[in-house]
Each structure stands twice: as C-alpha cells, then as structure tokens.
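>>> coordinates only, no sequence provided:
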C-alpha cells in the first residue's frame with residue numbers, strides 16, 4: 001500500500017546523495033557501468049529484500065494534462081466518498097426525528113460509525129490490491145458499489161433499520177474504503193516536488209464534500225422530495241461524479257515487482273514503542289473525535305436553535321475543518337508534526353467538554369468554528385505523523401494501513417457509546433463529558449509518545465557525536 005510514496009522517497013534520497021557528490025557520476029554513462037557511481041548508489045540507497053532498485057530514468061512530469069486530470073479525478077472521489085461519509089450528521093438527525101423513530105440514538109449512530117470504520121480499515125485490503133496492479137478494478141468496483149448502495153438506501157422503508165444499516169453502513173462503507181487509498185496514491189505517479197501541494201488539494205475534496213452534502217441533503221430530505229427521492233437525487237450526483245473520476249484517473253508507473261510484506265512490517269511495528277503509542281493515542285482520541293460531527297445538528301435542534309441555522313451547523317463545522325486541513329502543513333513546518341498533533345488533540349478534547357455549555361446560537365457558532373478548525377488540524381497531520389515515525393520509507397504504506405485499521409476501531413465504537421449515553425431523554429452533558437475526557441486521554445498518550453521520541457532521538461544524537 002502506498003508503494004509509490006515509498007519508492008519516490010527512496011529515489012529522493014538517492015537524488016540528494018548524488019547531488020552532494022557530483023564527481024561520482026559521469027554524464028552520459030549508465031550508472032551500472034561506473035564503479036564509483038555504483039558505490040555511491042549503494043551508500044545512498046541500500047537495496048533490501050523486497051524492494052525495487054532505484055532508476056535514474058524515473059522522472060516525474062510535475063504537471064501536464066494527464067497529471068492534473070488524474071488529480072481532478074482523485075478530488076472527485078474524495079468529494080463523493082469521505083466527504084459524503086462525514087455528512088452523516090444530517091442522517092443522524094433525520095433518522096432520529098423522522099425515519100427510525102423506534103431506534104435509539106446509539107443504534108442509529110452505529111450506521112455512521114460502521115461506515116467510517118470500513119472507509120479507513122478496508123484500505124488495508126485495497127492498498128495491498130493497489131500494490132498488485134488492481135487500480136482500475138478497485139475504482140470500477142468501488143464506484144459501482146457506492147452507486148448501488150445509495151440507490152438501495154433510497155428504497156429502504158421507515159423503521160426498517162436493517163435495510164438502512166446494510167445499504168449505508170456496510171455497502172457504502174466498503175465502497176468508500178475500496179476507493180479511498182487507490183485514488184489518493186495514484187496522484188504520486190505524476191508528482192514529487194509538488195506532491196504536498198497536490199495532496200492538500202485532493203484532501204480539500206473531502207472537506208468540500210462535507211460542506212456541500214449537508215446543505216443538499218438537508219434540503220432534499222426535509223423538502224418536498226422526501227427521503228426516497230431525495231436520496232435518489234443524491235445518489236445520482238454521486239454516480240455522475242464517480243463516473244467522471246473513473247474516466248479521468250490514469251496510472252503511469254508499473255506495479256512493484258515485490259509487494260510489501262505486511263506481516264513482517266507488523267512484527268517490526270510491535271517493537272517500535274513510539275509507533276505503538278501513536279496508534280494507541282489515535283484509537284483513544286478518535287473515540288471522541290466524531291461526536292460533534294455526528295450529533296452537532298441534532299444538539300442544536302434539541303436546544304431550540306432555529307431549524308434554518310441547525311441545518312447549516314454542520315456546514316460551519318466542516319468548512320472550518322477544511323481550513324484546518326489546508327493550514328496544517330504550514331503550521332507543522334514551524335511547530336513540528338508531533339507538537340501540532342498534541343496541541344490539536346488537547347484543543348479538541350477541551351472543546352468537546354465545551355459542548356456541555358451549548359445553549360444558544362452564539363455558543364453553537366463559536367464551538368462549531370473552533371472545533372472544526374482544530375479537528376481539521378489533527379486530520380491534516382495524522383498521515384504526516386505516521387511518516388515522521390517511519391524510518392524505512394518502504395514500510396510507510398504498511399504502517400499507514402496498520403495505524404488506520406487500529407484507529408478505525410475508535411471511530412467504530414465512539415459515537416454509538418455517545419449515543420447510548422445520550423439516551424432518549426437527550427441528556428447532552430454526559431456524552432460531551434465522555435467524548436472530552438477520552439479525547440484528552442488520547443492527547444496524554446500523544447505527549448508520552450513525544451517524550452519517548454525525543455529521548456530516543458537525543459540518545460541517537462549522542463551516539464553519533466561520540467563516533468570518530
């Protein structure tokens with residue numbers, strides 16, 4: 001998974017090493033025919049079992065029609081997949097008040113939490129298949145399944161929980177999981193220097209989707225079209241966008257000759273204390289992370305805030321979230337990724353506790369804007385933090401898959417627990433307190449990770465300084 005990322009990282013290392021020793025390579029001669037160049041190559045890039053040798057002929061277009069059309073396709077996939085999944089707060093409100101009135105808030109939130117869990121955890125499978133050259137198969141199957149699941153959702157009847165759970169929770173979740181990793185990884189076929197900028201643009205697709213979908217769904221579900229026709233209209237839009245995305249995206253590089261061994265990578269991860277702490281912290285923190293995203297709109301309505309504003313509450317939160325994601329890279333350049341992660345998680349935990357005081361329009365706006373921004377910062381640095389703790393770039397994909405899978409269980413159980421604590425009497429302070437405390441517990445583990453990481457790096461630095 002994410003083979004292209006790791007491969008390009010290794011090429012970058014070789015490139016920098018060769019630039020620092022220009023005498024080591026002779027212009028016009030292949031590097032395998034030059035002994036001195038070969039020695040430099042081995043020193044800069046030690047070839048290990050299961051990895052591809054570097055190639056000086058590998059060049060990145062850094063643009064061009066095919067590259068930017070592929071980026072557009074990836075943007076549309078994020079808009080239709082992750083962006084749609086994080087709009088579940090609209091469905092949570094609608095199901096609770098109108099469509100699944102016999103079910104508890106906890107049971108309803110299982111639909112959204114299973115969807116989000118599958119979106120992240122299925123990446124462990126789709127990433128491995130992507131490594132083996134099944135990019136187009138994954139995109140076509142994922143797109144068809146997403147379209148089919150949403151149209152089946154439109155056929156579900158009121159108070160038929162199992163129908164909605166199978167269509168939206170399971171079907172749509174698996175589909176989004178099949179699409180998420182390949183559509184992101186394929187952009188690295190075309191970019192190296194501009195990769196961070198491109199990935200930031202792709203990530204804004206999910207943020208834009210999480211902003212637009214709530215507006216559209218609220219007007220469709222609560223308007224004259226009603227649930228069935230409203231969901232069909234939404235499914236039609238998703239189908240068209242995914243069709244365009246499939247027509248846009250194209251691979252450029254060959255698949256690796258030897259895919260990453262996930263079992264070996266997992267065994268190595270177990271002995272990596274900072275990585276274990278980071279994964280445990282992510283699991284704890286994400287139990288509380290999605291509570292506002294699922295319950296914010298319902299919270300506003302139950303507190304007597306106008307229906308018009310309540311329909312836009314998730315829009316405000318998700319728009320602020322997108323700003324946080326975009327600015328996270330710039331801020332992390334000054335603070336460092338681990339430090340920014342700690343700040344963002346502490347802020348989210350405190351703000352979760354702040355939802356206890358939500359009572360009027362002003363408090364809803366302040367909490368929505370600030371929480372959305374810090375949640376966006378965290379989501380923006382989540383993947384870079386995994387990369388920061390990965391010494392061997394060839395293991396990056398496997399480590400990302402493992403971390404996403406374990407942390408996904410936090411997403412899976414977090415909102416159902418919050419819904420059970422809410423009860424049918426809507427006692428809001430209990431789930432807010434639980435989500436805030438568990439998020440702060442995750443931030444404390446991130447702090448321990450940071451201390452262990454700093455101690456390890458200082459020890460390594462002393463060893464290097466002691467060497468002659």
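Structure received. Everything numeric here is computed off the predicted structure, so don't read it as measured data.

>>> distance from the chain centre to stretch 142-159, please.
23 Å (CA atoms, centre = their mean, to the nearest Å).

>>> what's that stretch in contact with?
The contact list for stretch 142-159 (CB atoms under 8 Å, 6 or more residues apart in numbering) reads 80-81, 98-103, 126, 163-164, 166-168, 171-172, 174-179, 227-229, 231-232, 234-235, 238-239, 242-243, 245-246. Where C-beta positions appear, they are placed from N, C-alpha and C, glycine not excepted.

>>> where along the stretch 251-400 of the chain do the helices fall?
Using DSSP state H, counting those that start in this stretch, the helices of the stretch 251-400 of the chain run over 262-270, 273-289, 291-302, 307-335, 337-354, 361-388, 396-422.

>>> can you list contacts of the shortest one?
This means helix 262-270. Here helix 262-270 has contacts from 124, 128, 275-276, 395, 398-399, 401-402, using CB under 8 Å, 6+ apart.

>>> in stretch 137-144, what's buried?
Residues of stretch 137-144 classed as buried: 138-139, 141-144 (neighbour count, 16 or more other CB atoms under 10 Å).

>>> from those residues, which is closest to residue 190?
Distances from residue 190 to the buried residues of stretch 137-144, taken as CB to CB, are shortest for residue 139 (16.4 Å).

>>> which helix or strand contains that closest one?
Taking DSSP states H and E as the definition, residue 139 sits inside helix 135-155.

>>> so how far is that helix off the chain centroid?
Chain-centre distance of helix 135-155: 20 Å, with CA atoms, centre = their mean.

>>> same deal with stretch 231-249?
On CA atoms, centre = their mean, the centre of stretch 231-249 falls 21 Å from the chain's centre.

>>> neighbours around residue 360, how many?
A count of neighbours around residue 360, defined by other CB atoms under 10 Å, yields 12.

>>> contacting residues for it?
So residue 360 contacts 303, 305 (CB under 8 Å, 6+ apart).

>>> tell me how far it lies from residue 305.
Distance of residue 360 to residue 305, given as CB to CB, to the nearest Å: 7 Å.

>>> shared neighbours of these two, anything?
When contacts are counted by CB under 8 Å, 6+ apart, residue 360 and residue 305 have no shared neighbour.

>>> remind me which residues of this structure are low pLDDT?
1-58, 195-196, 254-260, 393-397, 458-468 (pLDDT under 70).

>>> secondary structure class for residue 60?
Under DSSP: H, G, I helix; E, B strand; the rest coil, residue 60 falls in the coil class.

>>> now it: closest residue in space, sequence neighbours ignored.
Nearest residue to residue 60, sequence neighbours excluded (CB to CB, 6 or more residues apart in numbering): residue 192, at 4.4 Å.

>>> what about residue 158, which SS state?
Put simply, residue 158 is coil when judged by three-state DSSP.

>>> could you give the number of residues near it?
For residue 158, using other CB under 10 Å, the count is 12.

>>> that older thread, make a markdown table out of the buried residues of stretch 137-144 and add distance to residue 208.
Output for the buried residues of stretch 137-144, formatted as a markdown table (distance: CB to CB, whole Å):
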| residue | distance to residue 208 |
| --- | --- |
| 138 | 23 |
| 139 | 20 |
| 141 | 25 |
| 142 | 20 |
| 143 | 19 |
| 144 | 23 |
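
>>> and the angle for the longest helix belonging to the chain with helix 396-422?
If you go by DSSP state H, the chain has its longest helix at helix 429-466. Angle of helix 429-466 versus helix 396-422, following axes from the mean of the first three to the mean of the last three CA atoms, to 10 degrees, is 150 degrees.

>>> which parts of helix 429-466 are buried?
Those would be 431-432, 434-436, 438-447, 449-450, 453, for helix 429-466 by 16+ other CB under 10 Å.

>>> name the helices or strands packed onto it?
In this structure, helix 429-466 packs against helix 273-289, helix 291-302, helix 337-354, helix 396-422, with contacts taken as 3 or more CB pairs under 8 Å, 6 or more residues apart in numbering; DSSP states H and E.

>>> show me what contacts the closest residue to residue 418 other than its chain neighbours?
Using CB to CB, 6+ apart and skipping residues adjacent in sequence, the residue nearest residue 418 is residue 431, 3.8 Å away. Residue 431 sits next to 291, 295, 417-419, 421-422 when contact means CB under 8 Å, 6+ apart.
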